[in-house]
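> Here is a sequence with its predicted model. Questions after.
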Amino acid sequence: MAKELDFLTKRSVDYSKWYNELVVKADLAEQSDVRGCMVIKPYGYAIWEKMQRILDDMFKATGVQNAYFPLLIPKSFLSKEAEHVEGFAKECAVVTHYRLKTNETHDGVVVDPAAKLEEELIIRPTSETIIWNTYKNWIHSYRDLPVLCNQWCNVMRWEMRTRLFLRTSEFLWQEGHTAHATREEAEARAQQMLKVYADFAEHYMAVPVVQGVKSETERFAGALDTYTIEAMMQDGKALQSGTSHFLGQNFGKAFDVQFLNKENKPEYAWATSWGVSTRLMGALIMTHSDDNGLVLPPALAPLQVVIIPIGGKPAQMAAVDAAVAPIVEKLQALGITVKYDNSDNKRPGFKFADYELKGIPVRLVLGARDLENGTVEVMRRDTLEKEVRPLEGIAEYVKTLLDEIQENIYRKAVTFRDEHIYECDNYEEFKERVKGGGFFLCHWDGTAETEAKIKEDTQATIRCVPFGVEQTPGVDMVSGKPATCRVLIARSY
RNA sequence: CGGGGUGUAGCGCAGUUGGUAGCGUUCCUGGUUUGGGACCAGGCGGUCGCCCGUUCGAGUCGGGUCGCCCCGACCA
């Protein structure tokens, strides 16, 4: 292994450090000089853009439209929903002034005390308040409903400790906010969007997720129900990858969003909100990567195929160039993104390692040997297997290979996850085993006390009450009280 | 904000009892190379985090201060 990558700690040694270095070395992102913030580099952003595009189409297919609401929220808005402000107050950035002036020595600027805002503005930590303040003007009749808006934006939460993609003070996300005439319709929408997220995670990111509903203590501030998708990282920790909230009439009441129903009676609107963030990038990286670097699912790879020529003499290179041109053309015709890297300032070995680090799903290599034999070397990133194929029909072969890689990394992730989900009924055993990571399905008496004790003893939390798990009554492993269901417990990011 | 570390070249680090600022790598130039991160030669790059003190003299000793990292509390 090359010197540059000696720093890339093996996954098994220190997963956190490995993750961080991978993000930087693969050119995805880096820490900004600005406290807690992240610079997403072009390669990382290209992946995020691809995710955005697909998600956006999926939202629109359910009738959602994009809109945009202000970054700054008047402080008073946040105090209108008691639980909501309780949840976010501690991590809000506040704008207090609107002007700077040069200082007395004229070598810098200071905040102009004369420019103090009468009412402070909060940089949005999430937009429920400003959006529902707006919906008040939009919604008067049942005929105005539903309102189905989504916005792609940044939000800011003043986090104590940050980690690239997983938790940064500022992050990019989408937040959907819907208003409905009935409780049933809103609940159905919240669940529908969770399903969209789960589909996206599984089919595009190749990340299997557990869908479920959050316990009361883990619920979004101001929600009646929070639905979640939980993914398992390679160190066995859970990553909450997307949430969808049924907000009841809390925001309708807080912002006085009333409409007249068919019976001409006033009613408060029912709300949902749902979001996924650049944290999905973290999920993508931590689910598939190996010691050679990133592994990207073909569906999200900005570059799906790279072609690398071998040759030294200009005449030889020209011959390879000529042989590659039609391959590139055919691949592009099949809708595959491909790059022919015949730059002569890097040696082939360097390119191999570099494109592996960046997770390019398929690599083709062509040299004098292949020109003679009419062959090409094909390497798939997920297994690192190489094979020599005839040039004839190579584009079609690559297309099916890409599908197979997508399928294979998903299967691998599912297998890994399933091997690390355990049913557990004994608390002592649980405390010991949870240290090693994994998801635990345990009976829970439904009390916050039990939940708090588990967290205190083990740092693990109830991730959700999972859907699709056959629920049998039992006994809470902590309190010994009767329990109606098994919940998913894990340590998490 | 509590506990523990750490600040010296872009990155990773060394620097002995206080005495001219070092190593590896990156980067640049030239040449030879090119089927798994090339080699040789030359070169650029630092007010040692900041302030004050002790001293003829401080990267090194003392006091303060700031930043960053790890572990907690908080969290998509």
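Yes, it's here. Residues are numbered from 1 along each chain as shown, chains lettered A, B, ... in the order given.
> Look at the residue nearest to the spatial centre of chain A and give its secondary structure.
Among the residues of chain A, residue A:280 comes closest to the average C-alpha position under CA atoms, centre = their mean, at 1.3 Å. The three-state label for residue A:280, taken from DSSP: H, G, I helix; E, B strand; the rest coil, comes out as helix.
> how about it, what does it touch?
When contacts are counted by CB atoms under 8 Å, 6 or more residues apart in numbering, residue A:280 touches A:51, A:201, A:205, A:241-242. C-betas here are computed from N, CA, C, even on glycine.
> just residue A:32 next, same as before
Shown in contact with residue A:32 (CB under 8 Å, 6+ apart): A:38-39.
> Roughly how far does it sit from RNA strand B?
Relative to RNA strand B, residue A:32 is positioned 10 Å away (CB to the nearest atom of the strand, to the nearest Å).
> Please enumerate the helices of the stretch 351-493 of chain A.
Here the stretch 351-493 of chain A has its helices, by DSSP state H, counting those that start in this stretch, at A:368-373, A:394-419, A:427-433, A:448-458.
> Considering only the stretch 51-200 of chain A, name the residue that lies closest to RNA strand B.
residue A:160 (2.8 Å; CB to the nearest atom of the strand).
> That residue is in what secondary structure piece?
Here residue A:160, judged by DSSP states H and E, is contained in no helix and no strand.
> Number of residues surrounding it?
Residue A:160 has 9 neighbours, counted by other CB atoms under 10 Å.
> And it, what's its pLDDT?
pLDDT recorded at residue A:160 is 80.
> ok, back up a step: of all the helices of the stretch 351-493 of chain A, which lies closest to RNA strand B?
helix A:368-373 (2.9 Å).
> pLDDT of the closest one, averaged?
Here the average pLDDT along helix A:368-373 is 94.
> what packs against that helix?
helix A:314-333, strand A:375-380 (3 or more CB pairs under 8 Å, 6 or more residues apart in numbering; DSSP states H and E).
> Tell me which of the ones you listed is the most buried.
strand A:375-380 (a mean of 19; mean count of other CB atoms under 10 Å).
> which stretches of the stretch 101-250 of chain A form strands?
Assigned by DSSP state E, counting those that start in this stretch, the strands in the stretch 101-250 of chain A fall at A:109-111, A:116-123, A:147-156, A:170-180, A:209-213, A:225-232, A:238-248.
> what pairs with the shortest one, and is each one parallel or antiparallel?
Using DSSP bridges, the strands paired with strand A:109-111 are strand A:100-102 (antiparallel).
> quick one on the thing from earlier: please list which of the contacts of residue A:280 also come close to RNA strand B.
Among the contacts of residue A:280, proximity to RNA strand B is found for residue A:241 (CB under 7 Å from any atom of the strand).
> Any chance of a markdown table for the contacts of residue A:280, columns pLDDT?
Listed next are these as a markdown table, based on pLDDT from 0 to 100:
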| residue | pLDDT |
| --- | --- |
| A:51 | 98 |
| A:201 | 98 |
| A:205 | 98 |
| A:241 | 95 |
| A:242 | 96 |
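> Looking at the contacts of residue A:280, spot the one nearest residue A:42.
residue A:51 (15.1 Å; CB to CB).
> Which helix or which strand is home to that closest one?
Using DSSP H and E, the secondary-structure element containing residue A:51 is helix A:42-61.
> tell me the average confidence for the next helix or strand after that helix?
Using DSSP H and E, the helix or strand that follows helix A:42-61 in sequence is strand A:65-66. Mean pLDDT, strand A:65-66: 98.
> same for strand A:65-66, what does it pack against?
Of the remaining helices and strands, those touching strand A:65-66 by 3+ CB pairs under 8 Å, 6+ apart are strand A:147-156.
> Just the CA atoms of the strand it packs on, as CSV, please.
What follows is strand A:147-156, C-alpha atoms only, in CSV (Å, rounded to 0.1, in the frame of the first residue of the first chain):
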residue,chain,number,x,y,z
VAL,A,147,-50.9,21.6,1.0
LEU,A,148,-47.8,19.6,0.0
CYS,A,149,-44.6,21.5,0.0
ASN,A,150,-41.0,20.6,0.2
GLN,A,151,-37.9,22.8,0.4
TRP,A,152,-34.3,22.0,-0.2
CYS,A,153,-32.2,24.2,2.0
ASN,A,154,-29.6,24.5,4.8
VAL,A,155,-30.4,24.6,8.5
MET,A,156,-28.2,25.3,11.5
